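Asker: pasting the sequence and the predicted coordinates here, then a few questions.
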Amino acid sequence: MKKAFVFGVIATAALAFNACTEKTDKQAPVDDFTMEQLAAEEARCDTISDSGLDLLASTWSGMVIPTISDKEAGVKPLMRAFCKNYLDFKGNRKMMRYLLDENGYSAEKDSFTVEDKPEANYIKVATTADLSSATTGKVWKCQDGHLMLGVLMEQFVEKPNRPVRVAAFFDYNPAKGELVPNPNVAQKIAQAMDCIYGELTMVFPVEGNNIEMLEYTDKKDSLAYKIHFDGTSFKFDPKGRKISK
């Protein structure tokens, strides 16, 4: 039952694709977004109790997002394009705050932490509140010259005491400058989660290319599972390795 709560959110995102294949929305370009607009979004969202993840889970797979056209594009411009369209979730607003003005960021003043690894095409922000909101972005280089953007969004809630997660994946073709949803990858991740029975943590890689699932049980040893990136997609390895708590 614990796992189903987390799995269901990601599964919703994958299934939503079927309803959106005939008509896919396209959003406005990202370059015109400002700190003033972000402040207005912050003020609006302060009046909303919902985290925004349920709506995000049911809509991301039907939205093509215009961004820059650049074969050397890294995680930051792609995350900026993504977050602009999903500002209802706090982790995405904090990510956008950092990306709009990295030099003006202060962990103490802005109440979130940043793990910024441009050489690894990886970035993560997490709020410092007890019930943290976190957004992680990772870019994988594909064999066909495209890039794959993965976005992991997590919201800790009081009951049950573990995060709700949504994982969204996009194909980026440098020649077109668009983020095109890839719900098939999200579906593979959801199927991998279905093989894990304890509480889990999903970790996007800072080093290497493989996603890791950490399974926590009541036993002394917990297990870590790999979801291997093969240059085009992911493959789950059902053989876990023991890790100490």
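Answerer: Thanks, I have it. Numbering: from 1, shown residues only.

Asker: what is the neighbour count of K141?
Answerer: Per other CB atoms under 10 Å, the neighbour tally for K141 reads 13. C-beta: built from backbone N, CA, C; applies to glycine.

Asker: nope, I48 is what I was after
Answerer: Neighbours around I48, by other CB under 10 Å: 9.

Asker: quick one, phi/psi of it?
Answerer: I48 has phi and psi values of phi -110, psi 130 when expressed as degrees, to the nearest 10.

Asker: so what's it up against?
Answerer: Contacts for I48 were tallied using CB atoms under 8 Å, 6 or more residues apart in numbering; they are D88.

Asker: at 7 Å instead, please
Answerer: By CB atoms under 7 Å, 6 or more residues apart in numbering, I48 lies in contact with nothing.

Asker: how near is it to S133?
Answerer: Relative to S133, I48 is positioned 13 Å away (criterion: CB to CB, to the nearest Å).

Asker: likewise for Y216?
Answerer: Per CB to CB, Y216 is found 21 Å from S133.

Asker: kindly report the same for S106.
Answerer: Here S106 is placed at a distance of 18 Å from S133 (CB to CB).

Asker: more neighbours: these two, which one.
Answerer: The neighbour comparison of S106 against S133 (other CB under 10 Å) goes to S133, with 24 against 8.

Asker: show me where this structure has strands.
Answerer: 25-26, 63-66, 112-117, 122-127, 133-141, 147-156, 163-173, 178-181, 199-203, 211-216, 221-229, 234-244 (DSSP state E).

Asker: redo those strands as a markdown table? Include mean pLDDT.
Answerer: Below are the strands of the chain laid out as a markdown table (pLDDT from 0 to 100):
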| stretch | mean pLDDT |
| --- | --- |
| strand 25-26 | 52 |
| strand 63-66 | 94 |
| strand 112-117 | 97 |
| strand 122-127 | 97 |
| strand 133-141 | 97 |
| strand 147-156 | 94 |
| strand 163-173 | 91 |
| strand 178-181 | 96 |
| strand 199-203 | 83 |
| strand 211-216 | 86 |
| strand 221-229 | 87 |
| strand 234-244 | 84 |
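
Asker: out of those, the one nearest F89 is which?
Answerer: F89 lies closest to strand 147-156 among those, at 5.7 Å (CB to CB).

Asker: strand partners (parallel or antiparallel) of the closest one?
Answerer: strand 133-141 (antiparallel), strand 163-173 (antiparallel) (DSSP bridges).

Asker: can you give me the angle that strand makes with strand 199-203?
Answerer: 140 degrees (axes from the mean of the first three to the mean of the last three CA atoms, to 10 degrees).
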